[in-house]
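A.B. asks: next comes the sequence, and after it the predicted model I'd like to discuss.
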Amino acid sequence: MQSLQKITSRFIPLRIENVDTDQIIPARFLKATTKDGFGKNLFRDWRYENDDEAKPKADFVLNQKQYAGEILVAAKNFGCGSSREHAAWSIQDYGFKVVVSSFFADIFKNNALNNGVLPVTVTDAFLQQIFALGANDTLTVDLEKQTITIDATGATQKFEINSYKKTCLLNGYDDIDYLLSMKTEIEAYEKANQTSTN
Amino acid sequence: MGKTIFDKIWDKHVVKIIEDGPSVVYIDKHLIHEVTSPQAFSGIEKRGAPLFRPAQIVATADHNVPTLHQELPIKDALSKFQVDTLIENCKKHGVELYGLGHQYQGIVHVIGPELGLTQPGMTIVCGDSHTSTHGAFGAIAFGIGTSEVEMVFAAQCIMQSKPKLMRINIDGALKNGVVSKDIILYIIAQISASGATGYFVEYAGSAIRALSMEARMTICNMSIEMGARGGMIAPDQTTYDYMQGRMFAPKGAAWEQKLAAWKELYTDADAKFDMEINIVAEAIDPMITYGTNPGMGLSIQGKLPTIESFDDATEKQNYEKALKYMGLTAGQTLIGMPVQNVFIGSCTNSRIEDFRLVASIIKGKQKHPGIKTLIVPGSQEVAKQIKAEGLDKIFEAAGVEIRQAGCSACLGMNEDKIPAGEYCISTSNRNFEGRQGAGARTLLASPLTAAAALLTGKITDIREILN
């Protein structure tokens, strides 16, 4: 997994609530057996008319040239619905390192963290401040300090992340490395609880 | 202080608590399918680690399979490759697979319970958000991502923080024409599509106790649609009666021993929840959704909200976006509106009881000529039972074809899709934009309401047919 420490970047404002993972990556793209190349289908049906890459929808933010950056900012309840990790793979493969919202769905949050994409939860009021910014404004996200800053105004907010996940992300470790190192304890648990008889 | 049923099961499965971090939680049963497992298999192979406990994993093919001519090779090359990859991975790693053609094949959340794999007190995960279904048996069951599938492959554990706990009490008697699907659509409409995010839900109360296991599964299944990690119901005699004698349920002395342990799985009277909601069963009417998330639902006789009822600018904008997608107008009623498709199936409503309900409505009647149907049993076992009870004859006489087991038109992934712009009354769980196919317009409802539309060709209050 890629590590993440601090980034300063412009952002893409997606002012839509309850963005579900079917919109992030429609089910017809889940036939793949690898994690590669999902970025080109990110928000596929919001991005293109009739599934045609030659016909980008002008009203969708990813198609608006004035917006760019490694930070996606979305309205509340981002990533609800299906548990498909393909949603996190799409966002990462497109080039986003951070997603900001006032509320994230649980499974998406875990999936993002497991792929080195940092979900940053801010208050509704702070989210509105970001949405009010211009296309050339930047945000700075500092994982070590757990802060997000609107660079133009200096407005800063702390965000929550548990210290275990923070360490993983700062160093690019993942949970599987950790669990593999715990085998003896897991075997002891199994013995004590006679799990094989389940 | 007393413990909730969730606490009792969770505490027993915690291998280790990481300070200011998640817990390492032991998983009893891991269900996998073709769509969210291939990258986990290749991930574990890349690490050079074996599967830690392959005997605790069961696989099936359901999402990406056709529901006609399953005996023939899958036509779509990518789908075929994905299903073949599952076969190969299971063979290579020693995982039991109930693939296409196998008598136990079916939707993963239908076969787990019907084979007796799902048992009270267990921790159960699957790379699918509707894993919450299994909570109906008093298990902690929830959906996970593919990285987490790989974790369970590697160590039979996952890393999770303990969720907050919510109890939803539903007391009283359901009105005529109201079934468990209406209960859960009502709850989600009340608390919204994100109202239970961060929580694990226990459903309780006299209305829940009166439900069959199939009906309880429908409710737990849709817990995720209000954002909950999972939902559960304490086991009782209904649970034990359903389980006894099933293929992988314990037998003889082992059954007696397990039964004694299961009877301890209830929430103590003095246990505390982070949130509690009380619902009166008599307040629930047959429900239908009108928008693009499952929280956008109303009583079938109700009117869509007006634009003015939204204060927040973003909310207003989102409502208008949903109305435009659905081709509906604020303030209108849905009764009498023509629909073109009826889908009866999915992990929410494809069990034998659902087919009995539909058959009871359409018996001796004819499908409306304007309606196209996708009627899809959840498993080979359900399909067999439909025949055994002679329900297939009722469907056939009504001019309706019964297909083969799979997820079908629930998710717009396999061949079964709803055409763009058309309406579909669907017994499935999600009405997201494009969920049943690009441009498809989904109206979620109960099997009874779906059966009514099948006969009339329009949105109909089932009580008009029942009375």
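C.D. replies: Arrived safely.
A.B. asks: packing partners for the helix or strand of chain A with the lowest mean pLDDT?
C.D. replies: Every helix and strand in chain A was compared by mean pLDDT, DSSP states H and E; the lowest is helix A:175-180, with a mean of 92. Here helix A:175-180 touches helix B:38-47, helix B:146-155, strand B:157-160, going by 3 or more Cβ pairs under 8 Å, 6 or more residues apart in numbering or on different chains; DSSP states H and E. For glycine as for every other residue, the C-beta is placed from the backbone atoms N, C-alpha and C.
A.B. asks: okay, those in JSON lines with mean pLDDT next?
C.D. replies: Output for those, formatted as JSON lines (pLDDT from 0 to 100):
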{"stretch": "helix B:38-47", "mean pLDDT": "97"}
{"stretch": "helix B:146-155", "mean pLDDT": "97"}
{"stretch": "strand B:157-160", "mean pLDDT": "96"}
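A.B. asks: which of these is buried the deepest?
C.D. replies: Among the helices and strands packed on helix A:175-180, helix B:146-155 has the highest mean neighbour count (mean count of other Cβ atoms under 10 Å in any protein chain shown), at a mean of 27.
A.B. asks: helices along the stretch 251-400 of chain B, start to end?
C.D. replies: Applying DSSP state H, counting those that start in this stretch to the stretch 251-400 of chain B gives helices spanning B:252-262, B:313-326, B:352-362, B:380-388, B:391-397.
A.B. asks: which one of these lies closest to chain A?
C.D. replies: helix B:313-326 (4.9 Å; Cβ to the nearest Cβ).
A.B. asks: just the strands in chain A please.
C.D. replies: A:6-9, A:11-14, A:71-74, A:98-101, A:118-121, A:139-142, A:147-150, A:155-158 (DSSP state E).
A.B. asks: dump the helices of the stretch 251-400 of chain B to JSON lines, plus distance to chain A.
C.D. replies: Supplementary listing: those in JSON lines, determined by distance: least, Cβ to the nearest Cβ, whole Å:
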{"stretch": "helix B:252-262", "distance to chain A": "8"}
{"stretch": "helix B:313-326", "distance to chain A": "5"}
{"stretch": "helix B:352-362", "distance to chain A": "22"}
{"stretch": "helix B:380-388", "distance to chain A": "22"}
{"stretch": "helix B:391-397", "distance to chain A": "27"}
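A.B. asks: out of those, indicate the one that is most buried.
C.D. replies: By mean count of other Cβ under 10 Å, these have helix B:352-362 as the most buried, with a mean of 21.
A.B. asks: how about that one as PDB, C-alpha atoms only?
C.D. replies: C-alpha atoms of helix B:352-362 as PDB (Å, rounded to 0.1, in the frame of the first residue of the first chain):
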ATOM      1  CA  ILE B 352     -39.900 -20.000  -0.900                       C
ATOM      2  CA  GLU B 353     -42.300 -17.900   1.200                       C
ATOM      3  CA  ASP B 354     -42.000 -15.000  -1.300                       C
ATOM      4  CA  PHE B 355     -43.100 -17.300  -4.100                       C
ATOM      5  CA  ARG B 356     -45.900 -18.600  -2.000                       C
ATOM      6  CA  LEU B 357     -47.100 -15.000  -1.400                       C
ATOM      7  CA  VAL B 358     -46.900 -14.100  -5.100                       C
ATOM      8  CA  ALA B 359     -48.700 -17.400  -6.100                       C
ATOM      9  CA  SER B 360     -51.500 -16.700  -3.700                       C
ATOM     10  CA  ILE B 361     -52.200 -13.400  -5.500                       C
ATOM     11  CA  ILE B 362     -51.800 -14.600  -9.100                       C
END
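A.B. asks: that helix packs against which elements?
C.D. replies: Packed next to helix B:352-362, using 3+ Cβ pairs under 8 Å, 6+ apart, are helix B:213-221, strand B:341-344, helix B:380-388, helix B:391-397, helix B:447-456.
A.B. asks: now distance to chain A too, for the helices and strands packed on helix A:175-180, in CSV please.
C.D. replies: What follows is the helices and strands packed on helix A:175-180, written out as CSV (distance: least, Cβ to the nearest Cβ, whole Å):
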stretch, distance to chain A
helix B:38-47, 4
helix B:146-155, 4
strand B:157-160, 5
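A.B. asks: any low-confidence regions in the chain?
C.D. replies: Went with chain A since none was named. A:196-198 (pLDDT under 70).
A.B. asks: let's do chain B instead
C.D. replies: In chain B (pLDDT under 70), no residue qualifies.
A.B. asks: so which elements touch the one helix or strand residue B:207 maps to?
C.D. replies: Per DSSP states H and E, residue B:207 falls inside helix B:206-209. Using 3+ Cβ pairs under 8 Å, 6+ apart as the contact test, the elements touching helix B:206-209 are strand B:164-171.
A.B. asks: tilt between the strand it packs on and helix B:213-221?
C.D. replies: In terms of direction (axes from the mean of the first three to the mean of the last three Cα atoms, to 10 degrees), strand B:164-171 departs from helix B:213-221 by 140 degrees.
A.B. asks: which elements pack onto strand B:164-171?
C.D. replies: Using 3+ Cβ pairs under 8 Å, 6+ apart, strand B:164-171 sits against strand B:199-204, helix B:206-209, strand B:275-280.
A.B. asks: name the stretch among the ones you listed that sits most buried.
C.D. replies: strand B:199-204 (a mean of 26).
A.B. asks: is chain A contacted by that one?
C.D. replies: No: contact between strand B:199-204 and chain A is absent, the nearest approach being 9.2 Å (criterion: Cβ under 8 Å from any Cβ of the partner chain).
A.B. asks: in its sheet, what does that strand sit against?
C.D. replies: strand B:164-171 (parallel), strand B:230-232 (parallel) (DSSP bridges).
A.B. asks: so which of these is the most packed in?
C.D. replies: Taking mean count of other Cβ under 10 Å, strand B:230-232 is the most buried of the strands paired with strand B:199-204, at a mean of 30.
A.B. asks: now the closest residue to chain A within chain B. Nearest residue, chain neighbours left out?
C.D. replies: Distances between chain B and chain A by Cβ to the nearest Cβ are smallest at residue B:21, namely 2.7 Å. Nearest residue to residue B:21, sequence neighbours excluded (Cβ to Cβ, 6 or more residues apart in numbering or on different chains): residue A:164, at 2.7 Å.
A.B. asks: show me the contacts for the one you found.
C.D. replies: For residue A:164, the contact set (Cβ atoms under 8 Å, 6 or more residues apart in numbering or on different chains) comprises B:18, B:19, B:20, B:21, B:22.
A.B. asks: restricted to helices, list the residues you listed.
C.D. replies: Among these, the subset assigned to helices under DSSP state H is empty.
A.B. asks: buried subset of those?
C.D. replies: Buried by 16 or more other Cβ atoms under 10 Å in any protein chain shown: B:21, B:22, out of the contacts of residue A:164.
A.B. asks: ok, so of the contacts of residue A:164, who is nearest residue A:31?
C.D. replies: Distance to residue A:31 across the contacts of residue A:164 (Cβ to Cβ) is lowest for residue B:22, with 31.3 Å.
A.B. asks: the closest one touches residue B:159, doesn't it?
C.D. replies: Yes: taking Cβ atoms under 8 Å as the definition, residue B:22 is a contact partner of residue B:159 at 4.2 Å.
A.B. asks: could you export the helices of the stretch 251-400 of chain B as CSV, including distance to residue B:120?
C.D. replies: Shown next, in CSV, are the helices of the stretch 251-400 of chain B (distance: least, Cβ to Cβ, whole Å):
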stretch, distance to residue B:120
helix B:252-262, 4
helix B:313-326, 39
helix B:352-362, 20
helix B:380-388, 21
helix B:391-397, 30
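A.B. asks: closest to residue A:76 out of those?
C.D. replies: Taking these one by one with Cβ to Cβ, helix B:313-326 is closest: 8.2 Å.
A.B. asks: now do the closest residue to chain B within chain A against residue B:306, distance only.
C.D. replies: Closest contact between chain A and chain B, by Cβ to the nearest Cβ, is at residue A:164 (2.7 Å). Residue A:164 is 47 Å from residue B:306, where distance means Cβ to Cβ, to the nearest Å.
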